[in-house]
Each structure stands twice: as C-alpha cells, then as structure tokens.
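# give the three-dimensional model of this entry:
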Amino acid sequence: MKKYIIALSAALMMFTAAVHAEDDIRVIIDGTFVDFGEYDNVMPYIDGGRTLIPIRAVAEGLGAKVDWDADNEIATIDDRIELEINNDVAIVDGKQIIMDVPAQIKSSRTFVPIRFVSENMGARVEWINDSRTVKITTAETKPENKEENKNENKEETQQTETVAQAEQDAVYNNVVYMGVKNYGTQSADLKDYYQHRFFKDGKVYEYPVLRDDNYTLQNKLAEGYVYNIKIENGVVTSIDESSATTGKIEKIDGTSLTLTGEKRAINVPNLYSVTTAAGSVKVEEAKPAVGNTVSVYSSDTAYMLARGSYTPAVQNQVGLKTIKNFLATGMQPVGHALYIYGGGWNWQDKGSSNAATSIGVSSKWADFFDKNNADYTYRTEQGPTTYYPHNGVNQYYFAGLDCSGFVGWTIYNTLNTQNGAQGYVMASTQMAKTFAQQYNFGTWTQDVRPADFKPGDIMSMNGHAWIFLGVCSDGSAVILESTPSKSVNNAPGGGVQLSALGDTTSQAAALAEQYMKKYYPEWSQRYPVNVINYNSYTSFTGDTAGRFTWNSETLSDPDGYLNMTAEQILKNLFNEN
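This is a model prediction of the structure:
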C-alpha cells in the first residue's frame with residue numbers, strides 16, 4: 001500500500017496547482033498538503049460537480065502502467081481499469097461501473113474524476129466544504145494510540161504519531177513557526193498550497209494554513225516566533241501569538257529557573273534555543289546558564305530567543321495631524337529597522353502588512369536589527385538563503401521596512417489612532433500622486449525643484465520614495481528614508497535612517513551624521529551616513545512620480561515647521577532647544 005500513498009500524493013500534486021483557478025480547492029493526503037507545482041502545471045478542473053485530474057499522474061504515481069489505445073480512445077491502467085473517453089461506463093476488474101463524469105481529453109491529456117480513481121485504489125475521499133479541501137486517507141494510515149501500535153519501533157511510532165496528529169482536530173500551544181516547507185523551491189503562484197512548518201515538543205509538524213482573500217492567518221506568522229494554533233480537519237484554522245514571561249536567569253536549581261524580577265522559581269523541564277537565518281529556523285535543546293535570557297511560555301516549555309529592545313529617541317503623539325508629528329513619527333523606527341525588500345507589505349505582497357496598519361514600532365523590527373550586524377545583506381544570489389523575496393515569496397515581510405513600507409507606516413501612525421484601518425503601502429513610484437489625487441491629502445507636481453521642497457513633503461521616484469525633513473542654509477537637505485545603504489563592510493543592508501541630499505561636505509551630511517551617531521550609536525557603528533546628490537533623488541520618468549505636499553486641512557503646522565531649517569527642526573524633535 002505504500003506505493004499507493006506515494007502515487008496519490010503525486011497525482012494530487014498536479015490537481016492542486018490546476019485548481020488554483022477553480023475556487024482555491026486544496027488537497028491533503030494522510031495529513032500532508034499536496035503541492036502540484038512540481039508537475040509542469042497540468043491543471044485539473046471541475047465538471048459536473050466532480051474534479052478531474054490527469055490520469056497518467058494518478059496511475060504512474062501508483063506504480064501502475066497506463067496503456068493508451070489511440071484508435072478507440074481507451075486508457076487502461078495495469079490491466080485492471082479501462083476508461084473510454086466520453087463514456088461514463090468504466091471497467092474495473094472486469095466489472096462495469098458507472099462514473100458520475102466520464103473521462104475526457106483536454107489539452108491533449110486524459111482526465112478522470114479524482115474520487116473515482118482514489119476510491120478504486122482503496123483510499124477514502126472526504127470533501128471539507130468550509131475550507132474547500134479534498135482530504136484523501138489511504139488504508140495505510142494508522143490510528144493513534146491503538147493497541148496494535150504499541151510494539152512498533154521508535155522511528156515508526158514517531159512517524160505514525162506525526163501523521164495521526166495531522167489528521168486530527170487539535171490545539172497546539174507554544175509552537176515555534178519554522179517557515180514554509182521547501183522554501184526557495186516553490187513560487188509565489190502556489191502560495192495557497194504551501195505546507196507551513198511548526199516545532200512542538202521536539203518534533204516538526206507540517207500543515208496547510210486556511211486562507212481567505214486577505215491571507216489573514218498567513219499574515220500573523222513570522223519565522224522564529226511562538227504561537228498557539230488550532231487544527232481542524234488537518235488544516236490550521238486559528239493562529240495567535242503566544243505570551244510569555246521573559247527575563248534573565250538569576251538562579252538555576254535543577255529544572256527550576258529564577259528570572260530577574262520574578263519572586264518564585266519556574267519549573268522548566270524543556271528549554272530550547274531558537275536561531276534564525278534566511279531560509280532556516282533551528283530549534284534545539286538548550287542547557288540554561290545564569291545570565292541567559294529566556295521566554296517561558298508554559299509550565300513546561302521555554303525558549304531562548306533573539307529578542308531586541310528599543311525606545312525611540314524622538315517622541316510622537318499617535319493621531320496628531322501636524323507636520324511636526326508626521327516627522328516625529330517618521331523618526332520612530334530610525335536606527336532600528338533594517339531594509340527588507342517587501343518589508344511593510346503583507347505576506348501576499350499586495351498591500352499593507354499588519355505592522356504597517358498598527359500603532360507603534362513593531363518589536364520584530366528591533367529583534368531583527370539586534371540579531372544582525374554590519375554583514376547583513378538584504379539581497380544575495382544564493383537562492384533561498386536570502387531575505388529578498390525568493391521566487392516572489394515575501395516570507396520576511398515582518399522583519400523590517402522598505403521605502404514604501406516606511407512611508408506608508410509613517411502616514412498610518414500619523415493619521416490613525418487604532419490598528420487595522422486602511423493602509424497606505426503601495427508602489428513607491430505611485431505614492432505622491434495617489435496621496436494627492438485619490439486621498440486628497442495635498443498636492444502633487446512633477447515640477448520638482450530643490451528650492452520648492454517643504455518639511456513633510458514626500459518624493460516618489462522610479463522605485464523609491466522618501467520624506468523631506470528640512471533644508472540647510474547651504475541648500476543641502478536632510479531626509480528620512482529606508483534604503484539599502486552600504487555598511488562599513490560594504491554590505492547593502494541599511495534601513496530607516498536620516499540621510500543627506502548634497503555632497504559629503506554639506507551641512508546636511510554633517511547634521512545627519514551628528515544625530516545618527518549621537519542618538520543611534522549602534523547603527524552608526526554599522527552604517528556611515530548616506531549622502532546623495534539632489535539630481536539622483538529628484539529625477540524620474542513617467543507620469544506617476546513626483547513631489548507631494550500636504551494641505552493644511554490634513555496636516556496643520558501650529559509649530560511653524562514649514563518656516564524652520566533642518567537644524568532647527570532636528571533640535572526641536574530631539575528636545576535640544
């Protein structure tokens with residue numbers, strides 16, 4: 001029966017990619033979500049309420065031989081099953097069986113109903129309407145905790161338990177999200193059918209995640225973080241981030257740990273370290289040591305996690321609609337949010353992420369900054385071992401901000417007081433024109449001259465967007481941006497920072513360097529000040545780029561920022577007056 005399991009997996013892999021256009025049907029075989037991307041995009045379809053799939057994928061996957069009689073248009077599988085095109089009568093083991101839908105030829109391939117093939121191979125087929133999932137259970141699948149399984153060897157028992165867990169309704173608390181199975185080998189076009197990996201009690205489990213039009217559950221997941229998940233019919237249907245007691249270990253007594261600030265010891269028999277890198281999450285048993293920082297999630301499980309901490313140097317006021325507060329808000333992630341291509345966008349890369357429509361700086365940005373160094377590179381050519389969206393998969397959307405993610409987040413936190421409203425992350429080239437003409441926030445022009453810039457203006461270039469902070473007396477300017485500037489190790493990483501428009505001897509360059517070194521020393525140890533000439537940051541092509549200026553109805557200026565120099569604005573923002 002093992003070969004039947006393999007065959008059905010292969011056959012149904014082709015089925016899933018095809019139904020990507022057929023109301024997002026999913027297929028699970030013995031707890032494993034099927035990926036059809038490996039099979040040349042041969043697409044199944046639905047006819048007469050039945051899903052049809054290429055017969056050769058099913059038969060050959062089962063280890064069976066397919067013979068094709070072209071003259072009579074009859075396909076025979078292992079001399080057992082005969083299927084004639086457009087004839088709803090099949091012959092199975094010499095007996096005639098009427099099919100609900102006959103075999104058909106489409107795109108030069110023979111298609112048959114998946115239920116008919118699967119059930120005649122001894123498998124059970126179930127349709128789960130809520131998640132539009134086809135669940136295939138083979139006769140080989142073993143129930144969990146049955147007497148007959150007690151004497152199996154350890155390896156077989158572990159495999160059986162994993163499969164059985166995937167087939168059951170369950171609630172798993174405090175699992176580490178380990179990312180997408182086979183990350184880097186699958187394209188974003190197949191994201192609906194990904195298997196997601198979770199660590200629990202020394203084992204890794206793989207499940208599909210229920211999707212809706214907004215990919216609500218997928219947008220909650222971030223690699224290396226801990227969650228409570230609910231599984232129904234083999235599909236993750238609920239995800240919430242776990243809460244923990246976090247502190248440094250002050251005392252160890254066996255499995256009991258006393259953390260800083262905690263009056264009583266916590267019994268932690270299971271301690272794991274979690275380390276992350278591009279395309280990789282490792283969870284390993286760890287030995288506690290005094291001084292280690294741990295997060296205790298339950299009475300028996302704790303993780304040693306890379307977590308940063310950050311208090312913004314500039315204070316803002318959420319929802320205060322002024323030019324000053326807009327710039328103060330833009331300063332919040334400066335020096336602690338690295339550049340991630342797709343950062344601030346959602347997982348499906350179609351608009352704002354949860355972080356970009358949430359009030360405050362995401363702690364995950366600080367976590368990611370703190371665990372990296374001057375060697376961080378936002379993009380490499382090393383396939384899945386890069387934070388750049390490999391094959392279009394925006395897997396690391398949560399870790400930092402790109403240029404439009406930064407601008408969109410800043411606008412959201414200036415205009416809103418609650419999470420979850422409409423976001424402002426979009427293609428950077430379109431931002432200035434969209435804010436003016438669609439949202440009526442201000443004016444847009446393609447007549448871009450350095451002398452016309454005002455504090456708070458947003459410049460959309462081809463492929464980049466940035467915020468104008470202020471002009472200096474020598475005509476140079478300080479700006480806010482997220483850009484992959486090069487580090488002291490010549491690695492293109494960068495992120496949200498104060499930059500200068502001018503040359504290296506300009507007042508703006510000196511101001512940007514002064515404030516980045518004084519208030520963001522860890523950043524300055526990695527990244528020199530980013531200095532760009534005006535022309536390269538104000539040149540563009542096309543009819544969407546240009547400069548945006550706020551109107552007074554959207555952002556007022558009671559603080560007089562529109563009449564201040566860059567030096568005066570920075571002194572005021574940092575309370576140096």
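
# quick check: end-to-end length of stretch 55-74?
Using CA to CA, to the nearest Å, one end of stretch 55-74 lies 12 Å from the other.

# ramachandran angles for the residue lying farthest from the centre of the chain?
Using CA atoms, centre = their mean, the residue of the chain lying farthest from its centre is Gly94. It sits 51.8 Å away. With angles defined as degrees, to the nearest 10, Gly94 sits at phi 80, psi 0.

# could you do the one 5 residues further on as well?
Backbone torsions for Met99, taken as degrees, to the nearest 10, come to phi -90, psi 150.

# next up, the contacts around it.
Taking CB atoms under 8 Å, 6 or more residues apart in numbering, we find Met99 in contact with Asp88, Val89, Ala90, Val112, Pro113, Phe116. Where C-beta positions appear, they are placed from N, C-alpha and C, glycine not excepted.

# cool, Gly261 as well?
Gly247.

# secondary structure class for it?
coil (DSSP: H, G, I helix; E, B strand; the rest coil).

# flag the shaky bits of the stretch 451-577 of the chain, pLDDT-wise.
The model of the stretch 451-577 of the chain has no residue with pLDDT under 70.

# show me where it has its strands.
458-461, 464-471, 477-483, 495-501, 530-532, 546-550 (DSSP state E, counting those that start in this stretch).

# wait, Ser473 touches Thr565, no?
Yes - taking CB atoms under 8 Å as the definition, Ser473 is a contact partner of Thr565 at 6.5 Å.

# now stretch 563-577 - C-alpha only, PDB.
C-alpha atoms of stretch 563-577 as PDB (Å, rounded to 0.1, in the frame of the first residue of the first chain):
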ATOM      1  CA  ASN A 563       9.500  78.000   8.300                       C
ATOM      2  CA  MET A 564      12.300  76.200  10.100                       C
ATOM      3  CA  THR A 565      15.700  74.900   8.800                       C
ATOM      4  CA  ALA A 566      16.700  71.300   9.100                       C
ATOM      5  CA  GLU A 567      18.900  72.200  12.000                       C
ATOM      6  CA  GLN A 568      16.100  73.900  13.900                       C
ATOM      7  CA  ILE A 569      13.700  71.000  13.200                       C
ATOM      8  CA  LEU A 570      16.100  68.400  14.400                       C
ATOM      9  CA  LYS A 571      16.800  70.300  17.600                       C
ATOM     10  CA  ASN A 572      13.100  70.600  18.300                       C
ATOM     11  CA  LEU A 573      12.400  67.000  17.500                       C
ATOM     12  CA  PHE A 574      15.100  65.800  19.900                       C
ATOM     13  CA  ASN A 575      14.200  68.400  22.600                       C
ATOM     14  CA  GLU A 576      17.500  70.200  22.400                       C
ATOM     15  CA  ASN A 577      16.000  73.700  22.400                       C
END
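
# which residues does that stretch contact?
By CB under 8 Å, 6+ apart, the residues outside stretch 563-577 that reach it are 313-314, 324, 327-328, 331, 455, 469-473, 477-478, 507-508, 511, 515, 519, 559, 561.

# mind listing what's buried in the lengthiest strand in the chain?
Looking across the chain with DSSP state E, the single longest strand is strand 170-180. Using 16 or more other CB atoms under 10 Å as the burial criterion, the residues of strand 170-180 that qualify are Ala170, Tyr172, Asn174, Val175, Val176, Tyr177, Met178, Gly179, Val180.

# ok, stretch 313-333 next?
313-314, 316, 320, 322-333.

# and that stretch, C-alpha only, in PDB?
Only the C-alpha atoms of stretch 313-333 are listed here, as PDB (Å, rounded to 0.1, in the frame of the first residue of the first chain):
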ATOM      1  CA  ALA A 313      14.800  58.700  20.700                       C
ATOM      2  CA  VAL A 314      12.000  61.000  19.400                       C
ATOM      3  CA  GLN A 315       8.500  61.000  20.900                       C
ATOM      4  CA  ASN A 316       5.500  61.300  18.800                       C
ATOM      5  CA  GLN A 317       1.700  61.600  19.500                       C
ATOM      6  CA  VAL A 318      -0.400  59.000  17.800                       C
ATOM      7  CA  GLY A 319      -3.100  60.500  15.600                       C
ATOM      8  CA  LEU A 320      -1.900  64.200  16.000                       C
ATOM      9  CA  LYS A 321      -2.200  65.600  12.500                       C
ATOM     10  CA  THR A 322       0.600  68.100  12.300                       C
ATOM     11  CA  ILE A 323       3.700  68.400  10.200                       C
ATOM     12  CA  LYS A 324       5.900  68.100  13.300                       C
ATOM     13  CA  ASN A 325       4.100  64.900  14.400                       C
ATOM     14  CA  PHE A 326       4.400  63.400  10.900                       C
ATOM     15  CA  LEU A 327       8.200  63.900  11.100                       C
ATOM     16  CA  ALA A 328       8.400  62.800  14.700                       C
ATOM     17  CA  THR A 329       6.500  59.600  13.700                       C
ATOM     18  CA  GLY A 330       8.900  59.000  10.800                       C
ATOM     19  CA  MET A 331      11.800  59.200  13.300                       C
ATOM     20  CA  GLN A 332      10.300  56.300  15.400                       C
ATOM     21  CA  PRO A 333      11.900  53.400  13.600                       C
END
